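Chemist: Could you look at this predicted model? Sequence included:
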Amino acid sequence: MGARPHVGRPWLVRPHASHQSEVELQDAALVAFVEAQHPRVLGTLHLMTNDRHLAEELAAEAMARVASNWHKVRDLAAPGPYTQRIAVNLARSWFRRRAARHRALARHGVDPDVHHDRDTAAAIAVREAVAALPERQRACVALHHFADLTTAEVADVLGVAPATVRSNLRDARAALRVALGEDVHEPVEAHHDA
């Protein structure tokens, strides 16, 4: 009897019967991890891409990659930030492909597709303001404020120093204040860095 996909959870593959109990425990841990991390990864990607459908696609890919390497991921000291790193890297790759596509279309005089989400005006304004930030600031905002990672965890995910993350967050907040014309409050850093 071969492996078969688990209905409703495509990242799971059922084992042979002889290894059932050990693998069931691993499956349960994977399911719990994915169910806890998926909303955070999806939210991070939604903020980074400003496209709910693309974020869902990238989040599914990130979860599939975690599942395929679960035997390694489960033993990491911080599998959540590692999962966020996978998601951010997928988004970065998508941005690079989109930029290449836009350049190719521009060479042929074709306008790239424009996507419009149906959402509240405030949510659209915030997503557009975050989307207008430079890539590193956008990633810092999504990971720190939405995924609730500490500045040290964001630094690890992005491969930069924590001071760089703090600087990017400060600059992003200033840009968002201007873009939104609102008072974007500075959070207490000690809360996120604890």
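Modeler: Done, it's in.
Chemist: ok now do the closest residue to Val126 other than its chain neighbours, which residues does it touch?
Modeler: Spatial nearest neighbour of Val126, chain neighbours left out: Leu180 (6.8 Å); criterion: Cβ to Cβ, 6 or more residues apart in numbering. Bear in mind the C-beta positions are built from the backbone N, C-alpha and C, glycine included. Residues near Leu180 by Cβ atoms under 8 Å, 6 or more residues apart in numbering: Ala125, Val126, Ala129.
Chemist: which of these count as buried?
Modeler: Val126, Ala129 (16 or more other Cβ atoms under 10 Å).
Chemist: Just the ones in helices from the contacts of Leu180, please.
Modeler: Ala125, Val126, Ala129 (DSSP state H).
Chemist: what pLDDT does the closest residue to the first one other than its chain neighbours get?
Modeler: Closest residue to Ala125 in three dimensions, ignoring its sequence neighbours and counting by Cβ to Cβ, 6+ apart: Leu180, at 6.3 Å. Per-residue pLDDT puts Leu180 at 88.
Chemist: tell me how far stretch 58-75 is from the chain's mean position?
Modeler: 13 Å (Cα atoms, centre = their mean, to the nearest Å).
Chemist: tell me the average confidence for that stretch?
Modeler: Stretch 58-75 carries an average pLDDT of 93.
Chemist: now Ala155: how far from Cys140?
Modeler: Distance, Ala155 to Cys140, by Cβ to Cβ, to the nearest Å: 9 Å.
Chemist: Val31 too?
Modeler: 30 Å.
Chemist: any shared contact partners between Ala155 and Cys140?
Modeler: With Cβ under 8 Å, 6+ apart as the test, Ala155 and Cys140 both reach Val165.
Chemist: Looking only at neighbour counts, state which of the two leads.
Modeler: Cys140 (28 against 21; other Cβ atoms under 10 Å).
Chemist: tell me what the helix or strand in which that one is found is packed against?
Modeler: If you go by DSSP states H and E, Cys140 is part of helix 135-141. Helix 135-141 sits against helix 20-49, helix 79-107, helix 121-131, helix 151-158, helix 162-180, with contacts defined as 3 or more Cβ pairs under 8 Å, 6 or more residues apart in numbering; DSSP states H and E.
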